[in-house]
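**Student:** Can you look at this prediction? I've put the sequence above it.
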Amino acid sequence: MDFYHQTGKMALGSRLRRLSNKLAEDAKGIYALYGVPLEPKWFPVFYVLSQKEAISITGIAQIIGHPHPYVSQIVKEMAKRELVITQKSEADARVNVAKLTAKGKEIASKIEEQYRDVTAAVEVLFSEMQNDLWKAIGEIEYLLSEKDFISRVRERRKLRESQDVEIIDYAPEFREHFRQLNYEWIEKFFTVEEADRQYLDYPEEKILTPGGHIVMARYRGEIVGTCALVKMDSQTYELAKMAVAEKARGKNIGRLLGEAVINKARELGAKKIYLESNTVLAPAINLYRKLGFRKVVGSHSPYARCNIQMELSLQNSQT
């Protein structure tokens with residue numbers, strides 16, 4: 001127990017596995033106690049088969065929530081012990097179904113007393129606990145079905161790393177970063193166009209002087225992202241030239257850049273923000289939607305690659 005006290009909650013899986021292994025070892029003894037020739041890992045499959053005359057491997061897998069190959073292997077192991085047979089389905093010859101043999105059915109009738117005693121023992125065990133483990137397991141299974149554990153860890157990682165990101169205003173010393181970051185993603189997916197060159201080669205003249213704004217993202221001292229706010233008229237700005245270095249993706253930098261330019265647009269008195277993109281950039285489109293942008297039919301775009309236009313109303317929105 002000292003190990004788990006030291007590691008804490010990050011060892012959740014290992015601790016549950018240890019508990020599972022302990023229960024599995026005890027289960028072997030329980031089967032031996034009742035003279036039942038089953039392996040503990042067979043129980044879910046055996047139980048389903050005891051309730052069905054015949055059922056496909058896929059059907060069993062769906063009921064018990066285990067992968068098809070795992071269930072198939074268990075059925076093969078049980079078949080070697082002459083507890084299960086497989087045959088073609090009468091309804092569909094392409095499907096194999098499994099069912100208990102006479103020996104398997106005999107065990108199914110004999111095991112009922114074991115079921116009652118095990119259930120009673122579990123209830124006594126739970127009555128000695130302050131917390132209801134069974135309900136807690138059901139709750140955590142539900143929560144993990146809504147969002148798996150790796151997604152939850154990825155979110156925590158992104159949040160932690162985003163705390164090291166600084167969003168700063170553009171300065172002439174960042175001109176080459178602004179240019180290169182954008183050239184990299186455009187050349188990866190599309191062709192650099194004349195409208196790109198105008199903004200990227202002359203950011204001060206084409207973006208800042210007319211009343212726009214540019215922000216940069218700095219991660220641990222290195223410039224890794226940028227986004228521009230281009231003034232279209234007194235009430236409308238365009239979100240443009242958002243770029244994040246490939247090595248810095250997954251740190252929430254795109255969202256931080258987007259929120260920064262949206263807040264800046266509010267400061268400048270904008271009523272709406274417009275943008276143009278391409279649906280091949282699925283992560284970017286998803287980010288824009290999360291920021292509140294919605295698809296619109298805008299005016300003719302100067303970019304050949306543009307196949308979607310989006311807009312964010314700032315009158316009632318909050319990021």
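**Tutor:** Noted; the coordinates are in hand. Being a predicted model, the structure only gives us computed values, none of them experimental. Numbering: from 1, shown residues only.
**Student:** Surely Ile85 touches Asn96?
**Tutor:** No: here Ile85 does not reach Asn96: they are 10.3 Å apart, not a contact under C-beta atoms under 8 Å. Where C-beta positions appear, they are placed from N, C-alpha and C, glycine not excepted.
**Student:** And for the residue lying closest to Ala11 once chain neighbours are set aside, the neighbour number?
**Tutor:** Nearest residue to Ala11, sequence neighbours excluded (C-beta to C-beta, 6 or more residues apart in numbering): Tyr4, at 5.7 Å. The number of residues packed near Tyr4 is 13, by other C-beta atoms under 10 Å.
**Student:** what helix or strand does Tyr4 sit in?
**Tutor:** Element membership of Tyr4 [criterion: DSSP states H and E] is helix 2-7.
**Student:** Does anything pack onto that helix? Which helices or strands?
**Tutor:** Where contact means 3 or more C-beta pairs under 8 Å, 6 or more residues apart in numbering; DSSP states H and E, helix 2-7 is packed against helix 12-33.
**Student:** Does the helix it packs on pack against any helices or strands, and if so which?
**Tutor:** By 3+ C-beta pairs under 8 Å, 6+ apart, helix 12-33 packs against helix 2-7, helix 112-127.
**Student:** residue boundaries of the strands in the protein?
**Tutor:** 55-56, 84-88, 96-100, 165-169, 213-219, 222-231, 236-244, 272-277, 294-296, 308-313 (DSSP state E).
**Student:** of all those strands, which lies closest to Leu144?
**Tutor:** Counting by C-beta to C-beta, Leu144 lies closest to strand 55-56 out of the strands of the chain; the figure is 26.3 Å.
**Student:** got the contact list for the closest one?
**Tutor:** Val48, Leu49, Ser89, Val95, Asn96, Val97, Ala98, Lys99 (C-beta atoms under 8 Å, 6 or more residues apart in numbering).
**Student:** Partner strands of that strand, with direction?
**Tutor:** strand 96-100 (antiparallel) (DSSP bridges).
**Student:** May I have the strand it pairs with exported as CSV, CA atoms only?
**Tutor:** C-alpha atoms of strand 96-100 as CSV (Å, rounded to 0.1, in the frame of the first residue of the first chain):
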residue,chain,number,x,y,z
ASN,A,96,-21.2,-18.8,-36.4
VAL,A,97,-23.1,-19.2,-33.2
ALA,A,98,-22.0,-20.7,-29.9
LYS,A,99,-24.0,-22.6,-27.4
LEU,A,100,-23.4,-24.7,-24.3
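**Student:** Looks like Gln198 contacts Lys206 (just checking).
**Tutor:** Yes: counting by C-beta under 8 Å, Gln198 sits close enough to Lys206 to count as a contact (5.3 Å).
**Student:** Compare these two and say which one has the larger neighbour count.
**Tutor:** Taking neighbours as other C-beta under 10 Å, Gln198 and Lys206 compare with Lys206 leading, 17 against 14.
**Student:** Any figure for the gap between the more buried one and Lys9?
**Tutor:** As judged by C-beta to C-beta, to the nearest Å, Lys206 and Lys9 stand 52 Å apart.
**Student:** How about Tyr70?
**Tutor:** 28 Å.
**Student:** likewise Tyr170?
**Tutor:** 42 Å.
**Student:** Likewise for Ser162?
**Tutor:** 22 Å.
**Student:** okay, the two: which has more neighbours?
**Tutor:** Set side by side, Ser162 and Lys9 show more neighbours around Ser162, with 16 against 7, by other C-beta under 10 Å.
**Student:** any low-confidence regions in the stretch 1-150 of the chain?
**Tutor:** Along the stretch 1-150 of the chain, segments meeting pLDDT under 70 span 1.
**Student:** Neighbour count says what about the contacts of strand 55-56? Which are buried?
**Tutor:** Val48, Leu49, Asn96, Val97, Ala98 (16 or more other C-beta atoms under 10 Å).
**Student:** now the helices for the stretch 51-200 of the chain?
**Tutor:** 57-64, 68-80, 102-110, 112-127, 133-146, 149-162, 175-189, 194-201 (DSSP state H, counting those that start in this stretch).
**Student:** Please export the C-alpha coordinates of the fourth one as CSV.
**Tutor:** This file holds the C-alpha atoms of helix 112-127, laid out as CSV (Å, rounded to 0.1, in the frame of the first residue of the first chain):
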residue,chain,number,x,y,z
GLU,A,112,-26.8,-21.5,-9.1
GLU,A,113,-25.9,-22.1,-5.4
GLN,A,114,-22.5,-20.6,-6.0
TYR,A,115,-24.1,-17.5,-7.5
ARG,A,116,-26.3,-17.0,-4.4
ASP,A,117,-23.4,-17.4,-2.0
VAL,A,118,-21.1,-15.1,-3.9
THR,A,119,-23.8,-12.4,-4.2
ALA,A,120,-24.5,-12.6,-0.5
ALA,A,121,-20.8,-12.4,0.3
VAL,A,122,-20.5,-9.3,-2.0
GLU,A,123,-23.4,-7.7,-0.2
VAL,A,124,-21.8,-8.3,3.2
LEU,A,125,-18.5,-6.9,2.0
PHE,A,126,-20.3,-3.8,0.7
SER,A,127,-22.1,-3.4,3.9
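**Student:** Nothing else from me, thank you.
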